[in-house]
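Sharing a model that was predicted from the sequence below.
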There are 2 protein chains.
Amino acid sequence: MNSVVDALIERLGENEIVMGDKLHERATSYWNPAPTQALLLLRPRSTEEISDILKICHAHDQHVVVQGGLTGMVEGQVSGEQDVIISLERMNAIEAIDPIGGTATVQSGAVLQTFQETLEQDGLLFPLDLGARGSCTIGGNIATNAGGINVLRYGMMRDLVLGLEAVMADGTIISSMNRMLKNNAGYDLKQLFIGTEGTLGVVTKAVVKVFPQPRSRHSAMVAMENFDQLTGFLNRLRVELAGELSAFEVMWGNYFHAVTAPGWHRAPMSRDYPYYVMLEAEGTQVEEDAAKFNRVMEGAFEEGLIVDAVIPKSETERRALWDIRENFEALLERPPFYLYDVSLVIPDMQAYVDRLTANLKARWPNSECIVLGHIADGNLHLFVCPGEPGDWHYESDSIVYPLLQEYGGSVSAEHGIGIEKLDWLGYSRTEAEITLMKQLKNSLDPKGILNNGRVVRA
Amino acid sequence: MNSVVDALIERLGENEIVMGDKLHERATSYWNPAPTQALLLLRPRSTEEISDILKICHAHDQHVVVQGGLTGMVEGQVSGEQDVIISLERMNAIEAIDPIGGTATVQSGAVLQTFQETLEQDGLLFPLDLGARGSCTIGGNIATNAGGINVLRYGMMRDLVLGLEAVMADGTIISSMNRMLKNNAGYDLKQLFIGTEGTLGVVTKAVVKVFPQPRSRHSAMVAMENFDQLTGFLNRLRVELAGELSAFEVMWGNYFHAVTAPGWHRAPMSRDYPYYVMLEAEGTQVEEDAAKFNRVMEGAFEEGLIVDAVIPKSETERRALWDIRENFEALLERPPFYLYDVSLVIPDMQAYVDRLTANLKARWPNSECIVLGHIADGNLHLFVCPGEPGDWHYESDSIVYPLLQEYGGSVSAEHGIGIEKLDWLGYSRTEAEITLMKQLKNSLDPKGILNNGRVVRA
């Protein structure tokens, strides 16, 4: 026992604290089943409790790790033996829904899918959506500026947050619970807490935008012969469907081929095309939208922008198509593999993937570079599979990122930097930028207690 | 002459410097014809020159005022006798347009309308639009996070900026010229320079989103009998037109009545309704969209959501309707008047306006509170006309803002704080927030040389 633990127990009571065996029963993260390591884990019920926790930790120079749904991809949630964990799991209330204003007020610990489903009952839509929806939390979505499959139409989490409340390293509560679409009264402080991965403050609640549920939804999976068709088709949809285009998810042929191998997903069309796209449009006019969608697809066929297409006839068929895109367990069968989340402009994508594949082959003759992504957002996910046993993570990074730098790409499109990508931040950001990031961190958390060692080295 | 002037002349040469009579020929701002006051005005041609200017000014503790198109509403552009002005007027190049990536790269001094028209030639749209389009600059739009008439569909300037370059107070160049929709590699530093009114850095160029030109555009001016019809109609359009609804501009009856008085705009319908709306939808299907728009309007009539409507039959007629909304010279004939730019949630708007009108009447029996606004964005513009000669600005503010505070409104929806609203920032933001703003200012501009005295008092 040390004095910071005593002080925290005194303030919160034993009931809000998890230690010892109970703590070790918890997995480190969604990705790592090893027991959680920490001094203790706190489960506060209010912003005021979090403020008091941080005041105590600040006074004792105690490092704190903030946890949401533990699904983050870059080790941001991973604590060490000497850390205090603040888990937002008990702060999960949906406090208010305003259909007229188009806003909802929600605490950080609310699970994304729970929030989506609650709004659905009122005919409303919270459009942020990603594979981890069943575990990830609104607070985690904010802290990492989550992206996902509907960014094309609705933007990233940053674009959906109107206001928020956060607690700074010294316990100061910053309440910026703006509910208006427009508010230029002074600096937009919420930006300090969105996408900064909990290093500048603990997000405790937020006001987010909500939308009417779309009345119609039309989906298709299509195939192309080459990259020019892919960009040509995307541009055509941008003109023909404009704001209605809500998803445009590309799978390179090797991804599709792998996840539709015997024993995995059923392939709804030939497995040998170079590119596949899962696309979706959301509209307002039930009958007209169906006719329009079909007309756009037929036009794309006639102009040679697509060479094959499947249009699902039921929700079950639609879900089966989406599963091809979202459920890639087949890939996890071939360790080692390293997952990347890069962004670069569309015109550079094909050249980058081709050169990367060649460089990987030169190093590991049996390697594969399996690709999928939200290309309209400039975002590719790469599975690098060296095809040889061993720990090649750093070497793989050293092939992926320097080449990306040549194209002015980003080492993290949506996953963040966390701990895992710390070494590579400089491949996407200048020295002046990183210095400014450190300056912000040092100014707002001079003792470096909040999610220390994430994003930038202090 | 003093040493800072000598140093600047030595670095830039006389040709880039405006002083003395030449300087006094320039008006203080779009709103104030008095001669510009300053030590000198600099017209740099490059980011590097701006960096050197700021290094010199920083070394000499010299205050700097940054100027764009001079149309700002809150005196942010107004310089004093001892200031050095940096005008971005020569940095107005449109550097690149990428139709596939949907981006354009533009220097800060480019005029908004010039930029819009250049893109139009390529079939592209830059959707930020506001009355000052012919004078305001992209850099000013960024520094003030401009709003305008298309926020409903496309967001504010913040939502349209992907990357930017800025020069900090000490001359450090921060280049964050991201071109991707998604980029979570470290802190999103551009947020420090968007909407901070030039107090944290001088924005020199930006990468912004551009869109395909819409294929169809349908407009109407409609009238309502009460506020419930207004919100009911808006909600109906949000469902029926969803992302296609690009403008929904409300005029209270007293605004419409005033600007259609004899000698001003021709009234296209009765002048006696309590509410009027100018609305516009942008679509992708020329024929279907026309049918849909008419159907939606007819449905709104049948359900009693609107009581009168005019649909323009030509671009000339459309422009005439927009002029009623955008050109309010008739109001400028009744000085004194004070213009406000507040935001509050839609359900509170009517109560706020009613109480404010009553409070103003209690103080000035002949007063009028003339209202219009982007209500879907929560944004109202108020013209307070005391109806008595005199300088009532402070007293008017003292009636408008404390009442707004009761509703959790914002003292500035889109105009910013500048100098004019400094006293009122605390009515929309907490002490902790203002302290954090000062902390940011002091950290990034410790000598307080950049647009000093704007937004927050250091």
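Great, that's in hand. Numbers count the residues shown, from 1 in each chain, chains lettered A, B, ... in the order given.

In chain A, what residue comes closest to chain B?
When scored by CB to the nearest CB, chain A has A:Gly243 as its residue closest to chain B, at 3.0 Å. (C-beta placed from N, C-alpha, C; glycine too.)

How about that residue: what's its closest non-neighbour residue?
Distances taken as CB to CB, 6 or more residues apart in numbering or on different chains place B:Gly243 nearest to A:Gly243, at 3.0 Å, with adjacent residues excluded.

now do A:Leu339
A:Phe383 (5.8 Å).

burial count for the one you found?
Per other CB atoms under 10 Å in any protein chain shown, the neighbour tally for A:Phe383 reads 20.

List phi and psi for it.
Torsion angles at A:Phe383 (phi, psi; degrees, to the nearest 10) stand at phi -100, psi 110.

and if you look at A:Val151?
With angles defined as degrees, to the nearest 10, A:Val151 sits at phi -60, psi -40.

tell me the contacts of the closest residue to it other than its chain neighbours?
Closest residue in space to A:Val151, ignoring its immediate chain neighbours: A:Asp377 at 5.0 Å, by CB to CB, 6+ apart. By CB atoms under 8 Å, 6 or more residues apart in numbering or on different chains, A:Asp377 lies in contact with A:Gly147, A:Val151, A:Leu152, A:Ser343, A:Ala413, B:Met180, B:Leu181, B:Lys182.

who in the stretch 51-200 of chain A is up against chain B?
A:98-103, A:144-145, A:147, A:151, A:153, A:155-156, A:158-159, A:168, A:172-176, A:178-189, A:191-192, A:194-196 (CB under 8 Å from any CB of the partner chain).

In strands, which of those residues fall?
Counting by DSSP state E, these place A:Asp98, A:Thr103, A:Ile173, A:Ile174, A:Ser175, A:Ser176 in strands.

ok so the residue of chain A closest to chain B is a helix residue?
Yes. Membership of A:Gly243 in a helix is supported by DSSP: H, G, I helix; E, B strand; the rest coil.

Burial check on A:Arg454, number of neighbours?
28.

Would you map the helices across the stretch 101-250 of chain A?
Applying DSSP state H, counting those that start in this stretch to the stretch 101-250 of chain A gives helices spanning A:112-120, A:138-143, A:151-154, A:157-160, A:227-240.

Other residues contacting the last one?
Under the contact criterion CB under 8 Å, 6+ apart, helix A:227-240 has outside partners A:222, A:224, A:245, A:248, A:250, A:275, A:277, A:279, A:281, A:292, A:296, A:299-300, A:303-307, A:346-347, A:349-350, A:375-376, B:99-100, B:102, B:211-212, B:215, B:284-285.

Got a PyMOL select line for the buried ones in these?
To isolate the buried subset of the contacts of helix A:227-240 in PyMOL, counting by 16 or more other CB atoms under 10 Å in any protein chain shown, use the following:
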select buried, (chain A and resi 222+224+245+248+250+275+277+279+281+292+296+300+305+306+307+346+349+350+375+376) or (chain B and resi 102+211+212+284+285)
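
per-residue pLDDT, the spatially most central residue of chain A?
Taking CA atoms, centre = their mean, the centroid of chain A lies closest to A:Ala146, which sits 3.7 Å from it. The score at A:Ala146 is 97. That number is its pLDDT.

same check, this time on the one 3 residues further on
What the model reports as pLDDT for A:Ile149 is 87.

What of A:Gln285?
82.

May I have the residues that are in contact with it?
A:Gln285 makes contacts with A:Arg215, A:Ser216, B:Glu240, B:Lys292, as judged by CB under 8 Å, 6+ apart.

who's in contact with the second one?
In this case it means A:Ser216. A:Ser216 neighbours (CB under 8 Å, 6+ apart): A:Glu282, A:Gly283, A:Thr284, A:Gln285, A:Val286, A:Asp289, A:Ala290.

close enough to count as contact, A:Asn32 and A:Gln77?
No. In this structure, A:Asn32 is not within contact of A:Gln77 by CB atoms under 8 Å, at 9.4 Å.

Between these two, point out the one with more neighbours.
Under the neighbour definition other CB under 10 Å, A:Asn32 and A:Gln77 were set side by side, and A:Gln77 has more, 30 against 13.

and the more buried one, what does it touch?
Listed by CB under 8 Å, 6+ apart, the contact set of A:Gln77 reads A:Thr28, A:Ser29, A:Val65, A:Gln67, A:Gly68, A:Leu70.

go on, A:Ala169?
A:Leu54, A:His58, A:Leu200, A:Gly201, A:Leu444, A:Asp445, A:Pro446, A:Lys447, A:Ile449, A:Leu450.

Serialize those residues to a markdown table and add fields for secondary structure, distance to A:Glu81 and pLDDT.
Shown next, in a markdown table, are those (DSSP: H, G, I helix; E, B strand; the rest coil; distance: CB to CB, whole Å; pLDDT from 0 to 100):
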| residue | secondary structure | distance to A:Glu81 | pLDDT |
| --- | --- | --- | --- |
| A:Leu54 | helix | 20 | 98 |
| A:His58 | helix | 20 | 98 |
| A:Leu200 | coil | 24 | 98 |
| A:Gly201 | coil | 24 | 98 |
| A:Leu444 | helix | 26 | 97 |
| A:Asp445 | coil | 21 | 98 |
| A:Pro446 | coil | 24 | 97 |
| A:Lys447 | coil | 19 | 97 |
| A:Ile449 | coil | 16 | 98 |
| A:Leu450 | strand | 18 | 98 |
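
Please check these and keep the buried ones.
When these are checked for burial by 16+ other CB under 10 Å, the buried set is A:Leu54, A:His58, A:Leu200, A:Gly201, A:Leu444, A:Asp445, A:Lys447, A:Ile449, A:Leu450.

Let me have those in JSON lines, adding distance to B:Arg90 as columns.
JSON lines is the format used below for those (distance: CB to CB, whole Å):
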{"residue": "A:Leu54", "distance to B:Arg90": "48"}
{"residue": "A:His58", "distance to B:Arg90": "48"}
{"residue": "A:Leu200", "distance to B:Arg90": "37"}
{"residue": "A:Gly201", "distance to B:Arg90": "40"}
{"residue": "A:Leu444", "distance to B:Arg90": "37"}
{"residue": "A:Asp445", "distance to B:Arg90": "41"}
{"residue": "A:Lys447", "distance to B:Arg90": "46"}
{"residue": "A:Ile449", "distance to B:Arg90": "47"}
{"residue": "A:Leu450", "distance to B:Arg90": "44"}
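
Good, wrapping up.
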